[in-house]
Every structure is written in C-alpha cells, then in structure tokens.
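J.: show me how the following folds:
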Amino acid sequence: MVRRNLLVQSRNPGHWFLLIVLPLVDGLLFGSIGVAFGEGDAPVQLLVTGILLFHLIWQLTLAGSLGLLEEVWTRNVMNLIATPLTEREFMGSLGLVGLLRTIVSTAVIAVVGIGFYAVAPDTAGWVLVPSAAILLLFGWAVTMFVIALTLQYGDSAEVFSWGTLVLLMPLSGFFYPVESLPTVLEVVARSIPLTYVFEAVREGLATGTVAWGPLGIAAAGTLALLLLSGWFLDRQMRRFRIQGWVTRFT
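T.: Numbering: from 1, shown residues only. Below you'll find the predicted structure:
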C-alpha cells in the first residue's frame with residue numbers, strides 16, 4: 001500500500017505541486033514578509049520557522065486524507081475491502097507516506113530559509129524536538145477525523161482535507177501571539193493545543209530555552225484529541241460496515 005500510494009502520487013502533477021511548489025512559495029512568501037516589515041532577524045526567523053512547522057501537520061494530513069480520496073475517486077474502495085488488507089495496515093501506509101511527504105516539504109522550506117534568509121531549521125533550539133513530535137501527533141489526529149468524515153460523505157469531504165488546517169492556522173498563533181486576536185477568538189485559540197506549541201517555539205526563538213509548561217498543555221490536549229479522533233474513526237468504520245456506506249463508493 002505504501003508503494004501504491006507513492007506510485008499514484010508520483011504520477012499526479014497536483015501532488016508534486018503540493019509537495020514541492022507550495023512549500024517553496026510559502027517559504028519565499030513568509031520569509032519576504034519578515035524582511036519587508038520586520039526589524040532585525042527575529043521576524044524572519046519567526047515566520048520561516050512557523051511555516052516550516054506548519055508543513056509538518058499540513059503534509060501529513062494531506063497524505064492521509066488524499067490517500068483515501070484517491071481510492072474513492074478511482075472507485076477502488078470495494079477492491080480494497082475484498083483483499084486481506086486490514087484497516088490498521090491501510091492507515092499505517094497512509095501514515096508512512098505522510099511522513100515521507102513531510103520530510104520532503106520541510107526540507108524544501110529549510111533550503112529556502114538557509115539559502116535566501118540565513119535562517120537555519122534549528123534556530124529555535126531544542127524546543128523543536130518535542131514541538132515537532134506534538135505537531136505530527138496533532139496532524140495524525142486531524143487525519144483520522146478527515147478520514148472518518150470521508151467514510152460518510154465520500155469525495156464531498158475533500159474540502160476538509162485542506163480546509164481544517166486553514167481554519168486552525170490563524171487561530172493557533174503560528175506567526176503571532178494569540179493576544180493579537182480579537183478577544184472572542186482568543187478564547188477559542190486557547191482551547192487549541194497548537195497554540196501552546198507555538199507559544200513554546202516563540203519562547204525558544206527569543207531565549208533559546210524549552211518552555212515545558214506550554215508543551216505539557218499541548219501534549220495533553222493532543223493526546224485527548226487523538227483519543228477522540230480514534231473513537232470517532234472507529235465509530236464511523238462500524239457504521240460504514242453496518243449501514244452499507246460502501247455502496248456510495250461503487
């Protein structure tokens with residue numbers, strides 16, 4: 001299944017655009033904004049590091065959700081069900097492909113950051129290690145949620161594969177403290193685990209220290225979200241079998 005997904009994506013120009021061109025454009029866009037409107041190196045470091053970490057979630061979620069949607073678009077879901085392939089094996093293949101996509105896209109942004117803005121990927125220091133782990137787990141939770149919706153709504157759920165993170169991006173303080181948001185939205189932002197990850201990353205960029213408090217809150221929130229998404233996906237799979245949703249994919 002990993003080989004199949006890699007072959008499908010390697011032959012689709014749209015996937016190459018999302019994997020190479022979009023990270024390249026994002027790196028140039030946010031790096032240039034930091035140069036144009038910031039003073040010193042801090043704004044550029046913040047924006048380039050923020051978009052690099054965002055792609056940790058983005059590419060993992062895209063690989064997972066689009067991996068299932070590819071089976072829906074090609075009317076191959078019934079064929080998969082007829083094989084000995086288990087649900088865990090299928091999900092595991094999507095996760096591995098997602099990690100490979102993440103490595104490639106973050107490498108592109110890292111090259112842009114180093115080559116054009118002199119921003120190394122490890123500028124924030126050791127805080128990036130636990131932050132990256134939490135972000136990948138959060139991305140997997142979003143992936144399971146989107147796949148669960150796809151089981152029910154089919155290709156109509158495509159918007160959730162990219163729209164979910166687009167909604168979370170301005171609320172999670174990727175590029176600015178959430179105190180900059182309107183008061184009502186700040187309350188919402190404080191309920192999102194990503195907010196605390198990027199709070200820790202900003203502190204790492206400013207002081208070089210690891211803010212374990214915000215990271216602990218982010219880890220606890222992400223774990224809760226993983227459990228909730230896992231329960232929702234399991235529920236949707238049971239309904240998929242019992243209510244015959246497979247007929248929507250033939």
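J.: pLDDT-wise, which helix or strand of the chain ranks last?
T.: Least confident helix or strand, the chain: helix 158-168 with a mean of 79, by mean pLDDT, DSSP states H and E.
J.: same for that one, what does it pack against?
T.: Judged by 3 or more Cβ pairs under 8 Å, 6 or more residues apart in numbering; DSSP states H and E, helix 158-168 is in contact with helix 42-73, helix 128-153. C-beta here means a position set from N, CA and C on the backbone, and glycine is covered the same way.
J.: so where's this structure uncertain?
T.: 248-250 (pLDDT under 70).
J.: which residue ends up closest to the midpoint of it in space?
T.: By Cα atoms, centre = their mean, the chain has its centre lying nearest to I57, at 1.7 Å.
J.: who's in contact with stretch 189-208?
T.: 42, 45-46, 49-50, 53, 57, 123-128, 131, 134-135, 138, 168, 171-174, 177-178, 181, 209-211, 214-215, 217-222, 225 (Cβ atoms under 8 Å, 6 or more residues apart in numbering).
J.: now with 7 Å, please.
T.: For stretch 189-208, contacts defined as Cβ atoms under 7 Å, 6 or more residues apart in numbering pick out 45-46, 49-50, 53, 123-125, 127, 131, 134-135, 138, 168, 171-174, 178, 181, 209-211, 214-215, 217-218, 221-222, 225.
J.: just the buried members of those residues?
T.: For the contacts of stretch 189-208, a burial check counting by 16 or more other Cβ atoms under 10 Å picks out 45-46, 49-50, 53, 123-124, 127, 131, 134-135, 138, 168, 171-174, 178, 181, 210-211, 214-215, 217-218, 221-222, 225.
J.: hmm, back to that, what is the subsequent helix or strand relative to the least confident helix or strand of the chain?
T.: As assigned by DSSP states H and E, the chain's next helix or strand after helix 158-168 is helix 183-189.
J.: so how far is that next one from its chain's centroid?
T.: Computed by Cα atoms, centre = their mean, to the nearest Å, the separation of helix 183-189 from the middle of its chain amounts to 22 Å.
J.: how about it: buried residues?
T.: E186, A189.
J.: hmm, back to that, wouldn't the residue nearest to the centre of the chain be in contact with L135 here?
T.: Yes: between I57 and L135 there is a contact at 5.3 Å, judged by Cβ atoms under 7 Å.
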